[in-house]
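Peer 1: below is the sequence, then the predicted model.
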Amino acid sequence: MFSPTFSIDDGHPLDLKVAGILAKKGYKAIFYIPIKNSEGLLTLNKKQILFLSKHFEIGSHTYNHVVLTDLSPKKIEKEIVMGKEALEDIIGKEVTSFCPPRGKYNQEVLDITEKLGITDVRSARIVNFHKSVKAGLWHPNLHLYPHPLIKDLINCLKYLDPLSFSVRLEYRKLKHLELIKVFKKAKFSPHFWLHSWEIDKLGLWNIVNSL
């Protein structure tokens, strides 16, 4: 039975629309939410975050949605701590999941998250044909965005993943989002990730509704 899990990044108000779709289908999801977005995108308010937390897991996405690898170790820790604690104050429970903005991390980020009691850190892999396990540093299976084939292949090389590179070449005639058909036949439950504001901007709600 096809039973994907999801993660939704950036904490945009349109995340509520995604939540409604996933709830109707009975799918599990984690919403990675910053308190503010330094790139100018809208973010969920406290009431909306609390509402989501009643139905889905909430993960941290820093406080200001900044690229952590551009910061000093001290500023990295400040961003992670502030984001985590702000969410915990809102939802009234511990936040143990984290996703670095744009998926950019280094050993410093991983060491700090471990020190802070964060149990899992999600990357931003755009295609991955291995079983996705939410523990430690983990990788989702597919980004719901129309990436070109060359970007898929480069992403596999970046993560030193010859198996996924080979499988992607095998399905090279399929566009990125058509890989959903491949994952529907997988022997494991795939994990898809997305940005609700991208889905809306590109008119991809039909993709989300079809899962």
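Peer 2: In hand now; what should we look at?
Peer 1: pLDDT value on residue 172, please?
Peer 2: Per-residue pLDDT puts residue 172 at 98.
Peer 1: so what sits opposite the closest residue to residue 137 other than its chain neighbours in the bridge?
Peer 2: Once flanking residues are discounted, residue 137 sits nearest to residue 121: 5.1 Å by Cβ to Cβ, 6 or more residues apart in numbering. Every residue, glycine included, has its C-beta placed from N, CA and C. Counting by DSSP bridges, residue 121 is bridged to residue 98, residue 137.
Peer 1: test my guess that residue 121 contacts residue 98.
Peer 2: Yes. At 5.1 Å, residue 121 counts as touching residue 98 under the criterion of Cβ atoms under 8 Å.
Peer 1: which neighbours do those two have in common?
Peer 2: residue 113 (Cβ atoms under 8 Å, 6 or more residues apart in numbering).
Peer 1: which helices and strands sit right next to the longest helix that the chain contains?
Peer 2: Of all segments of type helix in the chain, defined using DSSP state H, the longest is helix 73-91. Secondary-structure packing of helix 73-91 (3 or more Cβ pairs under 8 Å, 6 or more residues apart in numbering; DSSP states H and E): helix 46-53, strand 57-60, helix 107-115.
Peer 1: so which of those is nearest residue 6?
Peer 2: strand 57-60 (10.5 Å; Cβ to Cβ).
Peer 1: show me what that closest one is packed up against.
Peer 2: Here strand 57-60 touches strand 29-33, helix 73-91, strand 97-98, going by 3+ Cβ pairs under 8 Å, 6+ apart.
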